[in-house]
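> build me a model from this:
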Amino acid sequence: MGEKPSEPNKDWRVSLPENAGELREVGDQAIWSLSSCKSGYGVDQLLDDSSDTYWQSDGPQPHLVNIQFSRKTTVSFLLVYVDYKADESYTPSKIAVRIGSSLSDLREVRQKEFTEPAGWQIIDLRMSNGRPSRAFVVQLAVIQNHQNGRDTHIRQVKIVAPSLAPTDQLRQPLVAAESNAPFVPPKFLTVQMNQFAVIR
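Next comes the predicted model:
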């Protein structure tokens, strides 16, 4: 029987840098796919919020996790939960993250190496000016495993974004200045458009 993996902190936010700001998960807005998986060890296990389950690849490297959004989405961090003590040679030692407008139009933005990692590993997707990236697709590529292992285990993946989208951040002070109400209805300038200002 294999060793039970160490439990991750239930709040992944504690692993983030202090300047991360308020964040929310956006993985449920995406379609997830894998380059390969062993039966019963696929996307469902990767996203089930349990460190006892995992994705296991079943094919040649690199092993890929594709996260595809239906619209251009703001992303700040990719979080990957791995556990060398439990998974040994299945544990990634080098990964790359690519972003772009489609799977055929990706550019590598980060590469990270791990040495016997345990718990949440953080990949910062923010640009050099600190602003989040925007993409239709984020791809996680496992390039190499510990001890030159062939297949990989990843126990959890999260993708997170600012709690407010940039347009919301701009609108918030304008709304506050105009009214203390939680929602300010738009002001139409023509009689024709004013008919849509209320629900009949």
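> in three-state terms, how would the residue nearest the centre of the chain be classified?
Centroid-nearest residue in the chain: Ile159, 1.3 Å away (criterion: Cα atoms, centre = their mean). Counting by DSSP: H, G, I helix; E, B strand; the rest coil, the backbone at Ile159 sits in strand.
> same question for Asp49.
Three-state assignment for Asp49 (three-state DSSP): coil.
> check contacts around it.
Residues in contact with Asp49 (Cβ atoms under 8 Å, 6 or more residues apart in numbering) are Gln156. Every residue, glycine included, has its C-beta placed from N, CA and C.
> list phi and psi for Gly130.
With angles defined as degrees, to the nearest 10, Gly130 sits at phi 90, psi -10.
> for it, which non-adjacent residue is spatially closest?
What sits nearest to Gly130 in space, not counting adjacent residues and going by Cβ to Cβ, 6 or more residues apart in numbering, is Asn19, at 7.5 Å.
> the one you found and Asp124, how far apart?
Separation of Asn19 from Asp124 (Cβ to Cβ, to the nearest Å): 10 Å.
> neighbour count: the two, which is higher?
The neighbour comparison of Asn19 against Asp124 (other Cβ atoms under 10 Å) goes to Asp124, with 18 against 7.
> returning to that earlier point: these two touch, right, the residue nearest to the centre of the chain and Val75?
Yes - using Cβ atoms under 8 Å, Ile159 is in contact with Val75, at 5.8 Å.
> any common contacting residues for those two?
26, 138.
> check the residue nearest to Gly130 and give its pLDDT.
Looking at Asn19, its pLDDT stands at 90.
> Pro8 too?
In this model, Pro8 carries a pLDDT of 50.
> with the one 3 residues further on instead?
Per-residue confidence for Asp11 comes out at a pLDDT of 69.
> neighbours of the residue lying closest to Ser76 once chain neighbours are set aside, how many?
Among residues not flanking Ser76 along the chain, Pro132 sits closest, at 4.4 Å (Cβ to Cβ, 6+ apart). Neighbours of Pro132 under the rule other Cβ under 10 Å: 21.
> let me know the secondary structure of the residue nearest to Gly130.
Taking three-state DSSP, the label given to Asn19 is helix.
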